[in-house]
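Chemist: sequence and predicted model, in that order:
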Amino acid sequence: MKHPNTRKPAARRPLKTLDRVLSKAGAGSRTEARSWIGAGRVAVNGKIIQTPDHWVDLQRDKVTLDGAPLRKASHVYLLLYKPKGYLTTYKDPEGRPTVYDLLQNAPHVVPVGRLDLDTSGLLILTNDTQFAEQIMNPEYKVAKTYLLKAAGILSDEQLEQLRNGVELSDGMTRPAIVKRVRGREKSTFLELTITEGRNRQVRRMLEAVGSRVRKLVRTAIGDIGIGELEIGKWRELTPAEVRSLVPPNRPRQEPRRASGG
Ligand code: URA
């Protein structure tokens, strides 16, 4: 039988489902949270609740895991140098490696945007959803810089097209900074800086000007570069680095209202 509290009340209170409350508090992933709830390890106001969709009032309800009160997780911000061949997902049905295989002993975090399987470079992971939304929101104009090897010798006109914006299936791209790094016989190396993060954007931009990406590395997010970070390794961002990406004087977005599921 469903618990009577699985219907979302109409009142405008800060409500979240129990599995979400646990994962947002940094206790674990949503899947893990659901299994703990199912195993009877989670109580709300002293009563064991085994329904992950149970609505929790964040202002009033006391949630415990194994009898210990759930504390609000402090935010963590990680910087990973993702190698090629790793998916930016939690689990892959085909069993391919994911970035989580590289995050042993790290707190529970989720990627800010994604890098393709074949892309290497910098990836931020965090449990601060508001920060993640701001980094991904093109209005905040957080620059992402890529070093890429493109097929063929690109002309100055093709570079100018990339700078001015190209038409993709989901609309024109915003102006980009494009620098020719070097040209080889059959390929061109470019440094490209964009402030958007659409799906496969760089690859599609190069296709739009008649070329193809052969190699892609994200070398910087904002002013944060790879530096000493070794491929496959991660480190925490410093508070100053976090502030440099989303300065505190920027208007903070309204927190999203709790949604079901
Ligand atoms: N643009 C792409 O095309 N791929 C990435 O992985 C990142 C940006």
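Modeler: Alright, I've got the coordinates.

Chemist: distance check, residue 243 against residue 128.
Modeler: 13 Å (C-beta to C-beta, to the nearest Å). Quick note: C-beta positions are derived from backbone N, CA and C, even for glycine.

Chemist: higher neighbour count, these two?
Modeler: residue 128 (20 against 12; other C-beta atoms under 10 Å).

Chemist: neighbours around the closest residue to the more buried one other than its chain neighbours, how many?
Modeler: Excluding the flanking residues, the one nearest residue 128 by C-beta to C-beta, 6 or more residues apart in numbering is residue 75, at 4.1 Å. Around residue 75 there are 15 other residues, counting by other C-beta under 10 Å.

Chemist: what do you get for residue 199?
Modeler: 11.

Chemist: give the contact list for it.
Modeler: Counting by C-beta atoms under 8 Å, 6 or more residues apart in numbering, residue 199 touches no other residue.

Chemist: same question for the one 10 residues further on.
Modeler: Residues counted as contacts of residue 209 (C-beta under 8 Å, 6+ apart) are 154, 158, 161, 162, 166.

Chemist: out of those residues, who has the most neighbours?
Modeler: residue 162 leads these on contacts (other C-beta under 10 Å) with 25 neighbours.

Chemist: let me see the domain layout of the chain.
Modeler: Following automatic domain parsing, one finds the domains of the chain at 4-69, 77-245.

Chemist: and of those, who's closest to the ligand?
Modeler: Smallest distance to the ligand across these (C-beta to the nearest ligand atom): 3.3 Å, for domain 77-245.

Chemist: do a quick rundown of the strands in the stretch 151-261 of the chain.
Modeler: Here the stretch 151-261 of the chain has its strands, by DSSP state E, counting those that start in this stretch, at 167-168, 171-172, 177-183, 187-194, 213-221, 224-225, 234-236.

Chemist: using PDB, write out every CA atom in stretch 173-189.
Modeler: C-alpha atoms of stretch 173-189 as PDB (Å, rounded to 0.1, in the frame of the first residue of the first chain):
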ATOM      1  CA  THR A 173      25.800  29.900 -31.800                       C
ATOM      2  CA  ARG A 174      27.000  33.000 -29.800                       C
ATOM      3  CA  PRO A 175      30.100  34.800 -30.800                       C
ATOM      4  CA  ALA A 176      33.300  32.700 -30.100                       C
ATOM      5  CA  ILE A 177      36.900  33.500 -29.700                       C
ATOM      6  CA  VAL A 178      38.900  31.500 -32.200                       C
ATOM      7  CA  LYS A 179      42.700  31.400 -32.500                       C
ATOM      8  CA  ARG A 180      44.700  29.500 -35.000                       C
ATOM      9  CA  VAL A 181      47.300  27.600 -33.100                       C
ATOM     10  CA  ARG A 182      49.000  26.000 -36.000                       C
ATOM     11  CA  GLY A 183      48.300  24.300 -39.300                       C
ATOM     12  CA  ARG A 184      49.700  21.000 -40.500                       C
ATOM     13  CA  GLU A 185      49.500  19.400 -43.800                       C
ATOM     14  CA  LYS A 186      46.100  17.900 -43.300                       C
ATOM     15  CA  SER A 187      44.800  19.400 -40.100                       C
ATOM     16  CA  THR A 188      44.400  22.700 -38.300                       C
ATOM     17  CA  PHE A 189      44.800  23.200 -34.500                       C
END
